[in-house]
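*Asks:* Sharing a sequence plus its predicted fold:
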Amino acid sequence: MEPVGRPSGPDRYDPQSIEPHWQAYWQEHGTYEVDNDDPRPRAYVLCMYPYPSGAAHMGHVRNYTFGDLLTRYRTMRGDAVLSPMGFDSFGLPAENAAIRTGRHPRAFTDERIEQLRSSITRIGGVYDWRREVRSHDPTYIRWTQWIFLQLFRAGLAYRGHATVNWDPVDQTVLANEQVLADGTAERSGAVVEQRDLEQWFLRITDYAQQLLDDLDGLDWPERVVIQQRNWIGRSEGVEFDMAIVDGSGAPRSDLPGDAAVRVFTTRPDTSFGMTFCVLAPEHPLVATITTDDHRDEVDRFVARARGTSEIDRLTVEGDLSARGCRTGAWARNPFTGRPVPVLLADYVLGSYGTGAVMAVPGEDQRDWDFAQAFGLPVIETVERPEGFEGGAWTGDGRHVNSPAPADAGPERCDLNGLDVAGAKRVAADWLVERGLGEPVVNYRLRDWLVSRQRFWGCPIPILYCDACGVVPVPEDHLPVLAPDDVEFTPTGQSPLLSHEGFLHTTCPDCGGPARRETDTMDTFVDSSWYFLRFCDPWSSDAPFRQDAVASWMPVDQYIGGAEHAVLHLMYARFLTKALSDLGVAPGDLREPFRRLFTQGMIRLDGTKMSKSKGNLVAPEEIIDTLGADTLRLAHLSVKPPEEDVDWEDVGLEGCSRFLHRVWRLALPDAAATWTLHDGAATEADDAVRRATHRLIVDVSESFDRWSYHVAVARFMAFVNEVQRAAREEPGLRRDTFDEAVDTLLLLLAPAAPHVAAELWSRRHGGEHVHERAWPAADESLLVEETVTLIVQVDGKVRDRVEVPSTADEAACVAAALASPRVVSLLGGAEPARVVARPPKVVNVVRP
RNA sequence: GCCCGGGUGGCGGAAUGGCAGACGCGGCGGACUCAAAAUCCGCUGUCCGUGAGGGCGUGUGGGUUCGAGUCCCACCCCGGGCACCA
């Protein structure tokens, strides 16, 4: 790809010779290092820290180009920009490589960090590397563990027994967020199994309401906010008890008198339509309420449901009658006083609400389908709209069939005639007033399962003592580090489980023998606080000092992939709130990321480009030939930043040609090739000066709006215009030309930093362009003297006339009516109407 | 099914109710050259017309407006997310 035929020698644009020079300059001069006592206004620009997978791929390039542009731009605007970089360096790929090759994951990881750091530098990314953090660094491990202990003391980290997601390929449990809707693992793609295990959880559900409410104050893509809202899944309803009775409604002699099942519903208004009640197979009452004649059937059903993988349980196809089972028990509907049969079905989840629902086939489609399969009756309680032919009606309407029977006594409830909202209120109040139930808010969000049965992660700092039970490792014993003398076996089992030296220790409380926790933390724990550590990575007696965090946080602009919409971004929000409440982070820091930008993916032949798919286009090969500035510009120009990109559409050539053109235009010696003079200013000078100041406004606005592709288009158009003016007679005044070129270089400095720095330095005796102030436009040059007035007849453009930009309505109308084209189209008739928007447009409406 | 995006030349896209197609890619023609590359210049939505010019044109159909790619209503298609959460 080496261009042939372009001029050679010292005047040739040669990215290979200038790019390393400037990268070293920025590093050596600490140009983008900022101290915590910097007096300038502060800005915190952060790209999601990467998993070190080796040399950068195009996704990295895209991400870091946007972040780097913003860092350089804000710096030129006068801010102290915190732009740190680090590595999310725990994780399974390194451990899997260790299992394959026998090499320790640390060696593997450190090597890949160096490769990635080198790539990032070669892209031209500038960071305050003094602040670098790595998840697997013992100092970072220490503070991750310290944070875990604070959460443990506050009751926000707990050990719980639960049915959890087990990934048979990666040999570890996973959080709900890491399992896709089809029941496969987000990372490995394996079908997830269910296992009952004791695991560590973080109590994110305590923050469900805050996580929901605080979304409103964030400047985030709507898409991401909606995804978070869906994931939290708030739903309001009521819970109430239904007494377990026999088929005639009488109490059962084999059960205590208060035997009851509690149900949760968001539709108490439809209670009169309840024709059965459904329990989850894992509901604790199943065993006690099942009657003897149904016991065998129930046992078989429960065994099968528990053995079924999530993926099968979620399948909609198949015979519904096999997915439920009668229990022989009955429950009394408090609204009617009448018993309804109790069934089991796997579509009711044990982990949501009360694990039991009242089934209303008339107004719920799942209940309706189930009722059909089991031959259960349907009672419609909401009037159908005309023409409705489906099974269940879930919309609004007048209630019918909803009075309590006459023998229900003076306290009978009557919902007939009410709409859904009104009936909900009346039904809920009725339950509450009689002490039968209460309003309840449920969330879909579950506590965050953080245990991982893996070696290459942050060890959970907990001991198990036979005498004292669960004991936190004392803070002055941190960090707990995994041993180095470990062997990785092909089974994938964590070597910690069989490492005697790691496993056995003494209890800090009683001095007796104790066993270490062998699970490590989900790597999303590491990434939930790294942005806080960046503010104060030198802190040695706390994870960070509060004043340092207070001065930088929240992050002004966070940049990363949309694939983290629920995972990382939810966890990081949670931990920030928890640390704030614990007094570790400032009390008023409730959200970590003020603005979020999610960039599009890079696709190759329509598929996502990633390491696993071969990563066919290596960024460094392009840097080796066309240079980093061309690559950056191509990424900036190809599409709006938030959209997915097909690699085939990335126009390297046009960008390379453009930079060569800039080079020839700006090179001091090349001025001889242009027609420049020191005489009086001509119209050409006037036009170029206006274009120059217009460019300042356009590029600034485009940068502020993240319309980088438009900014690049403006650059190209501007260079074309200046070239043309400087080539044709009478040419340009030298100072007009210099102002145009210097302004171009200043504006280009954030986007194509190396070439801008090199040319500026050559033109200005070694000066550094990135330490110059962002240019300000001269307002007087933005006002044109004359403008092109659009003359329309009946809304169609028929002519254009030059008018003074100060022309008023009368002048514009006069100019329009004087147009020969308009005169001929009117054919002597008087216009029916003339609409003028001076000085842009006049529309003449014919009779 | 529900919720978000989005449909504009051969392609990526631009246009914050006022000149549709900026800028780039690709294509065609030309200059320079022994030749090529590179560079530079011109043309490049579509139809009618020798021409001047005119008709049509932003997924489809309606509407609002002097004027709609842009606003409103209905629909079609594509992409993404959610989906037994009671």
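*Replies:* Cool, got the structure.
*Asks:* hey, where'd the helices end up in the stretch 151-300 of chain A?
*Replies:* In the stretch 151-300 of chain A, the segments counted as helices under DSSP state H, counting those that start in this stretch are A:208-213, A:222-232, A:286-289, A:295-307.
*Asks:* For those, give me JSON lines that also has mean pLDDT and distance to RNA strand B.
*Replies:* C-beta: built from backbone N, CA, C; applies to glycine. Shown next, in JSON lines, are the helices of the stretch 151-300 of chain A (pLDDT from 0 to 100; distance: least, CB to the nearest atom of the strand, whole Å):
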{"stretch": "helix A:208-213", "mean pLDDT": "92", "distance to RNA strand B": "12"}
{"stretch": "helix A:222-232", "mean pLDDT": "86", "distance to RNA strand B": "4"}
{"stretch": "helix A:286-289", "mean pLDDT": "92", "distance to RNA strand B": "14"}
{"stretch": "helix A:295-307", "mean pLDDT": "86", "distance to RNA strand B": "11"}
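*Asks:* Ok, which of those helices comes nearest A:Asn843?
*Replies:* Taking CB to CB, helix A:222-232 is the member of the helices of the stretch 151-300 of chain A nearest to A:Asn843, at 36.8 Å.
*Asks:* so which of the helices of the stretch 151-300 of chain A gets nearest A:Ile559?
*Replies:* With CB to CB as the measure, helix A:222-232 is the member of the helices of the stretch 151-300 of chain A nearest A:Ile559 (12.7 Å).
*Asks:* Can you name every helix or strand that that closest one contacts?
*Replies:* With contacts taken as 3 or more CB pairs under 8 Å, 6 or more residues apart in numbering; DSSP states H and E, helix A:222-232 sits against helix A:208-213, helix A:567-581, strand A:596-599.
*Asks:* center of chain A, which residue is that?
*Replies:* Note on chain A: the residue nearest the mean C-alpha position is A:Ala565, at 2.9 Å, using CA atoms, centre = their mean.
*Asks:* is it true that that residue touches A:Asn230?
*Replies:* No: between A:Ala565 and A:Asn230 there is no contact under CB atoms under 8 Å: 10.1 Å.
*Asks:* what's the following helix or strand after the helix or strand bottoming out on mean pLDDT in chain A?
*Replies:* Lowest by mean pLDDT, DSSP states H and E among the helices and strands of chain A is strand A:607-608, with a mean of 49. Later in the chain than strand A:607-608, the nearest helix or strand by DSSP states H and E is helix A:619-625.
*Asks:* Need the CA coordinates for that following helix. PDB is fine.
*Replies:* This file holds the C-alpha atoms of helix A:619-625, laid out as PDB (Å, rounded to 0.1, in the frame of the first residue of the first chain):
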ATOM      1  CA  PRO A 619      -5.200  -1.900  12.600                       C
ATOM      2  CA  GLU A 620      -1.400  -2.000  12.900                       C
ATOM      3  CA  GLU A 621      -1.000  -3.000   9.300                       C
ATOM      4  CA  ILE A 622      -2.800   0.100   8.300                       C
ATOM      5  CA  ILE A 623      -0.800   2.200  10.700                       C
ATOM      6  CA  ASP A 624       2.400   0.700   9.100                       C
ATOM      7  CA  THR A 625       1.400   1.800   5.700                       C
END
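*Asks:* Mind listing what's buried along it?
*Replies:* The neighbour-count check on helix A:619-625 (16 or more other CB atoms under 10 Å) flags A:619-620, A:622-623, A:625 as buried.
*Asks:* Mind giving me the packing neighbours of that helix?
*Replies:* helix A:15-28, helix A:58-76, helix A:105-123, helix A:628-638.
*Asks:* quick one, which of those is nearest to A:Pro334?
*Replies:* Nearest to A:Pro334 among the helices and strands packed on helix A:619-625 is helix A:58-76; the distance by CB to CB comes to 56.8 Å.
*Asks:* my read: A:Trp330 touches A:Leu343, true?
*Replies:* No: assessed by CB under 8 Å, A:Trp330 is found out of contact with A:Leu343, at 10.7 Å.
*Asks:* So those two - more neighbours on which side?
*Replies:* A side-by-side neighbour count of A:Trp330 and A:Leu343, using other CB atoms under 10 Å, places A:Trp330 first with 25 against 22.
*Asks:* Let me know the helix or strand that the more buried one is in.
*Replies:* If you go by DSSP H and E, A:Trp330 is part of strand A:324-332.
*Asks:* got the angle for that strand vs helix A:295-307?
*Replies:* Using axes from the mean of the first three to the mean of the last three CA atoms, to 10 degrees, one finds that strand A:324-332 and helix A:295-307 are set 110 degrees apart in direction.
*Asks:* Describe which strands strand A:324-332 pairs with in its sheet and in which direction.
*Replies:* Applying DSSP bridges, strand A:324-332 is found paired with strand A:235-245 (antiparallel), strand A:339-345 (antiparallel).
*Asks:* any residues touching it, and which ones?
*Replies:* A:242-247, A:249, A:260-261, A:277-279, A:286, A:289-294, A:297-298, A:301, A:338-347, A:370, A:373-374 (CB atoms under 8 Å, 6 or more residues apart in numbering).
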